[in-house]
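> pasting the structure only:
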């Protein structure tokens, strides 16, 4: 990863390595360039012993950027086809004494020891929702208690959907935790999609000023994005995720089998975030997606496992470099400022998060093109892959310019009144996080996508 | 500070130094002994230049324990009588990159630069209540804006009282922050007592996942205890402070002039926490209080400033050693488990926090005596000083044993079902935090103080 605080004077071939983003500030423009470096690949946690180092070395795609924080045993190579091993792939999120592993694999909920080694104390509260509870709650309780009779597991089942990601629902988690007499040595387990993960994480961060928690994401969206990196929180009627905490889990357990019950629309929604990683920082991954989108939509287990792993590696690396979002981490929000406006303006839960983000990415890409920062070919490729993934490429027709503006004004990336955006700039896989852009381009993009 | 993980086998003269409390665990008994070491006294931040090092060296009382983290310019010596300087006393809370100063002195709200250097961004939200706003809000706004026209200051005025320390009131802070379009580079200012500090701090911790904040405590309670150390939060109907965060301010500004408007009952309530510091770790301070209680009640400014400074030094030191309350910090809760039960059982806001804690300390001392851990003379001294401070020495008559038990069961110091308590043990100034005590002593204490 290379970045500079003076992007406009840099040519694309500039390669300035930096370990920190602390010198980033609000009003500059930042250019994030890819640096090709050999990836550091290490082995850990494999119980099968079947993995072949030769294959691993081959299977790691080139083009992963410098200072790799995500050490992984790859699930598969780019060709997709071999059967994946039962041993979990492990992607490490490197955050000093708050580091934690992401386990990715099939059948992981049938390996109790994986989960149990991250449980603290004798009481566990599983936070889940009405959709997921009938499918996986018993399985998770079994995994938590098998061979471990001292553990008592409570649960709280919340209504399903983004519109319930609010303070009222959060209080149900606290009520249950207090009624169940959970203490500081308890563990919260988030079992579900991004809404459950965000709410359970914030509840864990705030209950008794902080208890341990574990993420078991059951949607692609949560597996590739929201469960990793410690962003937790709830919505406010005036904006998404405005109340929350940075709070890291003990581990993230991605059992890819849980995707078997995921509705098609939810699957596609998650793929919006997968596509995002390609666009902002991983051009080869983007190319791989263009070639393998059919397999992903057909739920080819190996293709899904690979997309999840590579997404988690990208996310883990960004989070390790910039946990509290001083700069670099904001690039993970490509399309999110426009997308949050759609979610808030159109009403939480009308569109899925990834659907709103897909439309938002098209808008960000449109604006990048209007600024002269990217080629028209990239605009086309973004639209094409989103269409292929059956995702929207424009906001709902009821969205107005004013609706966008009013929600964007309270975006978390506003600093001292200036709205900063993530925009693409340069060849695919490069982006900027900047408040330094022509306001006309933003106005033109909003006009182009809104009827009024 | 010396502590051991096996208190019962240690004689009182054992002095094992440790820098960390990380080896403390739930089921052991901990013994905190005083170690006499010369205090490190340093100068900083004085604008008057009038301070006399000779006087400073003399004025530092002996008996401050090892690894001093609170570097202070003392306001006065133990004799009490000289006029205090306008230059603030500074007690430093040493928490690495989250360190911050506590400024203590008269007229500090008339020194804008002191406050302004800790403000981040261009927007400030002052959180205060209906009692304090008419008295000090204008003064604080002046201090924030004087010579600094770029700053815009918003305010939210909450109802006054512990019974409003809940989620509903907290949402008013978020509403105001969002309506005012505060961004991540904003600063929250808590202007008021402990309730305001706790709520504003938790709001700051959670708004956009964390913005900067400043504490301006206006009660003795907040100045000597709640504003220092980063514990923030709100109450749940089933227990006090069950929802919150550890979140440190940018600075704490104690303008002792604000005590001029404090009701007598509030003043006495704050003195309960001052007395606590003497009991748990500072015997000389306790003796000083016994001699100077009349001056404190008469609001002698020098006596109050000295009590605040010495209390903050004690708190800063404990917090520096154990920010997240793995062990040592829990000792600051002497009397609080019983006290919280009184507050919750009797109804928030019926008794002031310090009043409940005073009764709670008498109960903890009673139990310590029943266990044979302290002399009867100390029991008498504790009752005497609390009576002198016009504080309760027993719980309200309506409290029953069952009410105590049900609230104590959800206390934050319960670990794996075991209630740990802070009890006095040994000569004055020594205490233990332990779950290793005879349950009969607890039952006897509850019976002795409750009619049913």
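Nice, I can see it. Worth saying up front: this structure is predicted, and the values here are computed from it rather than measured.
> contacts and neighbour counts: CA atoms only from here.
Noted.
> grab the nearest non-local neighbour of residue A:308.
residue A:224 (5.3 Å; Cα to Cα, 6 or more residues apart in numbering or on different chains).
> pLDDT at the one you found, what is it?
The model reports residue A:224 with a pLDDT of 97.
> what of residue A:237?
pLDDT recorded at residue A:237 is 87.
> for residue A:15, same thing?
We have a pLDDT of 30 for residue A:15.
> center of chain A, which residue is that?
Nearest to the mean C-alpha position of chain A, counting by Cα atoms, centre = their mean, stands residue A:225 at 1.4 Å.
> who are the neighbours in contact with it?
Neighbour list for residue A:225: A:273, A:311, A:312, A:315 [criterion: Cα atoms under 8 Å, 6 or more residues apart in numbering or on different chains].
> surely the last one and residue A:231 touch.
Put plainly, it is residue A:315. No - with contact defined as Cα atoms under 8 Å, residue A:315 and residue A:231 do not form a contacting pair (12.0 Å).
> hang on, the earlier thing: for residue B:260, see how far away the residue nearest to the centre of chain A is.
Residue A:225 is 54 Å from residue B:260, where distance means Cα to Cα, to the nearest Å.
> now swap in residue A:139 and tell me
62 Å.
> cool, residue A:129 as well?
Distance from residue A:129 to residue B:260, by Cα to Cα: 53 Å.
> of those two, which one has the most company?
Taking neighbours as other Cα atoms under 10 Å in any protein chain shown, residue A:129 and residue B:260 compare with residue A:129 leading, 22 against 12.
> contacting residues around the more buried one?
A:156, A:157, A:158, A:159, A:160, A:191, A:192, A:196.
> got a winner among these for most neighbours?
Highest count within the contacts of residue A:129 by other Cα under 10 Å belongs to residue A:196, 35 neighbours.
> which SS class is it?
The three-state label given to residue A:196 by DSSP: H, G, I helix; E, B strand; the rest coil is helix.
> now residue A:248
Following three-state DSSP, we place residue A:248 in the coil state.
> which residues of the stretch 301-450 of chain A lie near chain B?
A:409, A:410, A:411, A:412, A:413, A:414, A:415, A:416, A:417 (Cα under 8 Å from any Cα of the partner chain).
> mind listing the strands for the stretch 201-350 of chain A?
Under the criterion DSSP state E, counting those that start in this stretch, the stretch 201-350 of chain A contains strands at A:212-217, A:231-236, A:239-246, A:252-255.
> for chain B, find the nearest of these.
With Cα to the nearest Cα as the measure, strand A:239-246 is the member of the strands of the stretch 201-350 of chain A nearest chain B (4.3 Å).
> roughly how far apart are residue A:419 and chain B?
From residue A:419 across to chain B, the span is 10 Å (Cα to the nearest Cα, to the nearest Å).
> whoops, I mixed them up, residue A:388
Relative to chain B, residue A:388 is positioned 35 Å away (Cα to the nearest Cα).
> all helices for chain A, in order.
Using DSSP state H, the helices found in chain A span residues A:53-59, A:112-116, A:138-145, A:167-179, A:194-206, A:220-221, A:264-281, A:283-297, A:301-321, A:336-346, A:353-370, A:376-388, A:401-408, A:439-449.
> so of the ones you listed, which one's packed in deepest?
helix A:194-206 (a mean of 29; mean count of other Cα atoms under 10 Å in any protein chain shown).
> ok, now how distant is residue A:123 from residue A:206?
Separation of residue A:123 from residue A:206 (Cα to Cα) stands at 17 Å.
> ugh, typo on my part, it should be residue A:291
Applying Cα to Cα to residue A:291 and residue A:206 gives a distance of 44 Å.
> with residue A:230 instead?
Residue A:230 sits 13 Å away from residue A:206, going by Cα to Cα.
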